[in-house]
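J.: Model the structure of this input:
(one chain, ligands or ions: 1)
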Amino acid sequence: MTLSAAEVHRLKQAPVVDGVLSAVLSRWSARSFADRDVSPSDLRKVFEAARWAASSNNEQPWRFLVGTRNSLTHKKIFSTLIGFNQGWAAAAPVLILGAASAKFAHNGSPNAYALYDLGAAAATLCLQAASLGLTTHSMAGFDQAAARQAFGIPEDYLLGAVIALGYQGEPSALGHEKLIAQETTPRTRKPLNEFVLSAWGEPAILG
Ligand SMILES: Cc1cc2nc3c(=O)[nH]c(=O)nc-3n(C[C@H](O)[C@H](O)[C@H](O)COP(=O)(O)O)c2cc1C
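T.: Reported below is the predicted structural model:
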């Protein structure tokens with residue numbers, strides 16, 4: 001029998017580490033979306049959070065194209081997704097496409113940190129969404145050229161990911177056995193000693 005949405009949400013939580021933000025522990029990427037719209041005020045809040053991310057030279061190079069269900073923007077973003085992602089993201093009430101200016105606005109020189117900054121803004125958006133009880137699911141699986149064309153995105157903007165945003169739905173609504181299995185599997189992560197280092201290849205000693 002398939003687990004309920006509430007059971008899956010519990011199963012996906014990261015183990016509690018005292019002092020770690022609850023939004024960090026509770027954020028996970030659902031593929032099943034409930035048939036419930038995101039209020040305009042909550043949508044504004046997730047972008048307010050993104051707005052306050054740090055960026056190189058405070059350039060804030062990110063741009064977010066946002067489409068709510070049935071809008072032309074939603075349809076356009078959806079049309080660029082690969083088939084696998086279209087299979088589940090059709091139910092997402094909000095689709096967001098992130099882009100970042102590859103040039104500094106103040107002098108036109110290349111900004112090598114544009115995607116880093118976009119990622120920081122996107123991560124902040126996702127954590128704010130989690131704290132509002134929303135789920136986000138990032139996707140690299142979309143056709144960048146088609147997205148550029150659909151929105152007339154200039155060449156000096158780099159594209160990030162598409163983010164599906166909404167409320168978590170019942171896993172059974174995914175319909176497909178493999179998708180349901182992925183939706184109901186606990187999340188895993190590398191241990192800290194694999195990526196927090198004091199010298200290259202040497203784990204840092206942490207408290
Ligand atoms: C940049 C990026 C691209 C991703 N692309 C896809 C995608 O195209 N399709 C998909 O189903 N999931 C995609 N994911 C979701 C990841 O598989 C997911 O974040 C990862 O398995 C960790 O799970 P969690 O977010 O629930 O912790 C992507 C995530 C990121 C950050």
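J.: What are the boundaries of the helices in this structure?
T.: Assignment of helices within the chain using DSSP state H yields the ranges 5-12, 22-26, 40-51, 72-80, 83-89, 114-131, 144-151, 177-183.
J.: ok, residues contacting the first one?
T.: So that's helix 5-12. The contact list for helix 5-12 (Cβ atoms under 8 Å, 6 or more residues apart in numbering) reads 3, 26, 28, 30, 32, 34, 168-171, 183-184, 186-187. Yep, even glycine has a C-beta here, placed from its N, CA and C like the rest.
J.: how much space between Ser22 and the ligand?
T.: According to Cβ to the nearest ligand atom, to the nearest Å, Ser22 stands 15 Å off from the ligand.
J.: hang on, that residue packs against Leu127?
T.: No: contact criterion Cβ atoms under 8 Å: Ser22 and Leu127 do not qualify, at 9.9 Å.
J.: Those two - which one has more neighbours?
T.: Leu127 (20 against 13; other Cβ atoms under 10 Å).
J.: who touches that one in this structure?
T.: 21, 23-24, 27, 49.
J.: Return the closest of these with respect to Leu43.
T.: If you rank these by distance to Leu43 using Cβ to Cβ, Ala49 comes first, at 11.3 Å.
J.: and the closest one, how many neighbours does it have?
T.: 20.
J.: measure it to Ala99 for me?
T.: Distance of Ala49 to Ala99, given as Cβ to Cβ, to the nearest Å: 18 Å.
J.: Quick check: of the contacts of Leu127, which has the highest neighbour count?
T.: Result: Arg27 is most packed of the contacts of Leu127 (other Cβ under 10 Å), 22 neighbours.
J.: give me every residue that touches the nearest residue to Ile82 once chain neighbours are set aside.
T.: Spatial nearest neighbour of Ile82, chain neighbours left out: Gly141 (4.1 Å); criterion: Cβ to Cβ, 6 or more residues apart in numbering. Shown in contact with Gly141 (Cβ under 8 Å, 6+ apart): 81-82, 84-85.
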